[in-house]
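Engineer: Turn this into a structure:
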Amino acid sequence: MTTRPLTFRDATESDIPAVVELVESAYRGEASRAGWTTEADILDGQRTDPEGVRDVLRADGSRLLTVEDGDGLAACCHIARRDEGGTVAAYFGMFAVRPGLQGAGIGRSVLAEAERRAAAEWGAARMEMTVITVRDDLIAWYERRGYARTGRTSPFPYGDERFGVPLRADLEFEVLVKPLG
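Structural biologist: Residues are numbered from 1 along each chain as shown. Below is the predicted model of the structure:
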């Protein structure tokens, strides 16, 4: 568990380069192998880009949380409000922890803060996310934090390099969900 004090704040446009660098380092390339969240064996290319982060910052009902630990940007996540027929849900994504800090409890703290904010500020009844189905270790991590697999899947966007270059042909996303409150 981390003993570093964490500071949460909403990202601004000036944070875009650091957020892109953090997300890329946590999931792609050799640097990502220092942590356990790497996707380097299943995807090449980019995970995000400045335009994608800017779109998240500017979208209605969207927040990009940054987490600093005294040494700079330690983690980030995106939460988005979804109004679904009278019920409010929240979407969780763009979650990254600096590879050298993974396994220290920071991710658990970030996820808990995102859930708390979605419930307290938006009245969200549940949090949803999508995870690549071959990421068994990551899915298990979310399950230990109360998320359940739904069986609802969607195809990976093969051919759209904004999401990476697949290194295998069996990629798809599954929706995970957790009730809040």
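
Engineer: Just give me the longest helix of this protein.
Structural biologist: In the chain, taking DSSP state H as the definition, the longest helix is helix 106-122.

Engineer: C-terminal to that helix, which secondary structure element comes first?
Structural biologist: strand 126-132 (DSSP states H and E).

Engineer: Other residues contacting that next one?
Structural biologist: 39, 42, 79, 82, 89-93, 114-115, 118, 138-139, 142, 147, 154, 156, 171-180 (C-beta atoms under 8 Å, 6 or more residues apart in numbering). Bear in mind the C-beta positions are built from the backbone N, C-alpha and C, glycine included.

Engineer: show me what contacts Arg152?
Structural biologist: Glu174, Val175.

Engineer: Sticking with it, tell me its helix or strand.
Structural biologist: Going by DSSP H and E, Arg152 is part of strand 148-155.

Engineer: Return that strand as PDB; C-alpha atoms alone will do.
Structural biologist: Written as PDB, here are the backbone C-alpha positions of strand 148-155 (Å, rounded to 0.1, in the frame of the first residue of the first chain):
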ATOM      1  CA  ALA A 148     -18.500  -8.000 -12.400                       C
ATOM      2  CA  ARG A 149     -18.200  -9.300 -16.000                       C
ATOM      3  CA  THR A 150     -21.400  -8.700 -17.900                       C
ATOM      4  CA  GLY A 151     -20.800 -10.900 -21.000                       C
ATOM      5  CA  ARG A 152     -21.600  -7.800 -23.100                       C
ATOM      6  CA  THR A 153     -18.800  -7.500 -25.700                       C
ATOM      7  CA  SER A 154     -17.900  -5.200 -28.500                       C
ATOM      8  CA  PRO A 155     -15.300  -5.600 -31.200                       C
END
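
Engineer: Quick check: next helix or strand after it?
Structural biologist: In N-to-C order, the element after strand 148-155 by DSSP H and E is strand 165-166.

Engineer: Show me what that next one is packed up against.
Structural biologist: strand 43-44 (3 or more C-beta pairs under 8 Å, 6 or more residues apart in numbering; DSSP states H and E).

Engineer: what does the helix or strand that the strand it packs on is followed by rub up against?
Structural biologist: On the C-terminal side of strand 43-44, the nearest following helix or strand under DSSP H and E is helix 50-58. Helix 50-58 is contacted by residues 11-13, 16-17, 19-20, 23, 62, 64, 78, 80, 94, 162 when judged by C-beta under 8 Å, 6+ apart.

Engineer: Could I get the buried residue list for helix 50-58?
Structural biologist: Gly52, Val53, Val56, Leu57 (16 or more other C-beta atoms under 10 Å).
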